[in-house]
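structure for the following, please:
(one chain, ligands or ions: 2)
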Amino acid sequence: MSCDFSLEHYRELLRAASAGGYRWAGFDHAPEPGDLLLRHDVDLSLGAALLIAEVEADEGAWSTWFLMTRSSFYNLDSSEGEGALTRLRELGHRIGHHAVYPDVDLDDRFDPVVAWHNPDPEFMHAEIAGAVNVMRPPFFEPTHYRSDSNQNWRGGCPHDELVRAEFEWLQLLIHPEIWAFEGETMRETMESFLDADRAARLERLRHDRIDLS
Ligand SMILES: [Zn+2]
Ligand SMILES: [Zn+2]
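Numbers count the residues shown, from 1 in each chain. Ligands and ions are numbered 1, 2, ... in the order given. Below you'll find the model as predicted:
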């Protein structure tokens, strides 16, 4: 098995968790032994989010999707954004808020759970009034946490440990863009994202009756 950041290996990760006997869990109760809290911070692409969400549903998994209201890359208020919210719920996923400090825009689109975007150490673990901060106990403990940030697993790709049920419980942070777009390095993956984004924007221009002849 090669630990690349591909859809194939993502499927293998999900299957590893099932093989290890883990149960999909959210941020509505303190983690219990056997819980796998699958979390996604969506920084760049709702399309990538939906692609990964469909793979999870296909594998019998569900997760919590943290979506931004102040993204520079996508608009949750657009028809694309509304469609993504609807589809994620239809597939049985949960939706939290990926907030840009210090603004918390919790409304009825979200469960009362927040993951800060690019948090600084000063507020990363601080309490948030009226909401769960996913980076606070009981949901966050360093030995019960893995993240794929920048295509660099600190502590390694967890698939072997999942199969062997070596985590009592785990919060697993997966950025969908890393797995949905191809690239051996983060730079290459971002180039793939930008190519796809350009193509999608050209399509939107056509849709808006811009003459591209
Ligand atoms: Zn792996
Ligand atoms: Zn983020």
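
now for residue 120: which residues touch it?
residue 101 (C-beta atoms under 8 Å, 6 or more residues apart in numbering). In short, each C-beta sits where N, CA and C put it, glycine included.

could you pull up phi and psi at it?
Per-residue torsions, residue 120: phi -90, psi 160 (degrees, to the nearest 10).

make residue 1 into 23 and carry on from there
Done: numbering now begins at 23, and the last item shifts to residue 142.

report the closest residue of this structure relative to ligand 2.
Per C-beta to the ion, the residue of the chain with the smallest distance to ligand 2 is residue 139, at 3.6 Å.

hmm, residue 119 and that residue touching each other?
No - if you go by C-beta atoms under 8 Å, residue 139 and residue 119 don't touch, sitting 9.9 Å apart.

quick one, longest helix in the protein?
Criterion DSSP state H: the longest helix present in the chain is helix 208-229.

that one: which residues count as buried?
Across helix 208-229, burial judged by 16 or more other C-beta atoms under 10 Å covers 211-212, 215, 218-219.

centre of the chain to it, how far?
Centroid displacement of helix 208-229 relative to its chain, using C-alpha atoms, centre = their mean, to the nearest Å, is 20 Å.

so which elements touch that helix?
helix 68-80, helix 198-202 (3 or more C-beta pairs under 8 Å, 6 or more residues apart in numbering; DSSP states H and E).

helices or strands up against the longest one?
So the one you mean is helix 68-80. Counting contacts by 3+ C-beta pairs under 8 Å, 6+ apart, helix 68-80 is packed against helix 29-41, strand 57-63, strand 86-89, helix 101-112, helix 198-202, helix 208-229.

which bits of this protein sit near ligand 2?
Residues of the chain found near ligand 2, taking C-beta under 5 Å from the ion as the criterion, are 63, 65, 139.

isn't there a helix covering the second one?
Translated: residue 65. No - with DSSP: H, G, I helix; E, B strand; the rest coil as the criterion, residue 65 is assigned coil and is not in a helix.

and it, what does it touch?
By C-beta under 8 Å, 6+ apart, the contact list for residue 65 reads 90, 93, 95, 120, 139, 197, 199.

low-confidence ranges in the chain?
Within the chain, not a single segment meets pLDDT under 70.

returning to that earlier point: who touches both of residue 139 and residue 119?
Joint contacts of residue 139 and residue 119 (C-beta under 8 Å, 6+ apart) are residue 90.

neighbour count winner among these two?
residue 119 (25 against 16; other C-beta atoms under 10 Å).

ok, the residue most central in space within the chain - contacts?
By C-alpha atoms, centre = their mean, the mean C-alpha position of the chain lies nearest to residue 62, the distance being 1.5 Å. Contacts of residue 62 were listed using C-beta under 8 Å, 6+ apart, and they are 71, 74, 85-88, 195-198.

would you mind giving these as CSV with neighbour count added?
What follows is these, written out as CSV (neighbours: other C-beta atoms under 10 Å):
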residue, neighbour count
71, 26
74, 24
85, 26
86, 23
87, 27
88, 27
195, 18
196, 22
197, 24
198, 26
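
as a markdown table, these with distance to residue 36 would be great.
Below are these laid out as a markdown table (distance: C-beta to C-beta, whole Å):
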| residue | distance to residue 36 |
| --- | --- |
| 71 | 16 |
| 74 | 10 |
| 85 | 10 |
| 86 | 15 |
| 87 | 15 |
| 88 | 19 |
| 195 | 15 |
| 196 | 10 |
| 197 | 16 |
| 198 | 13 |
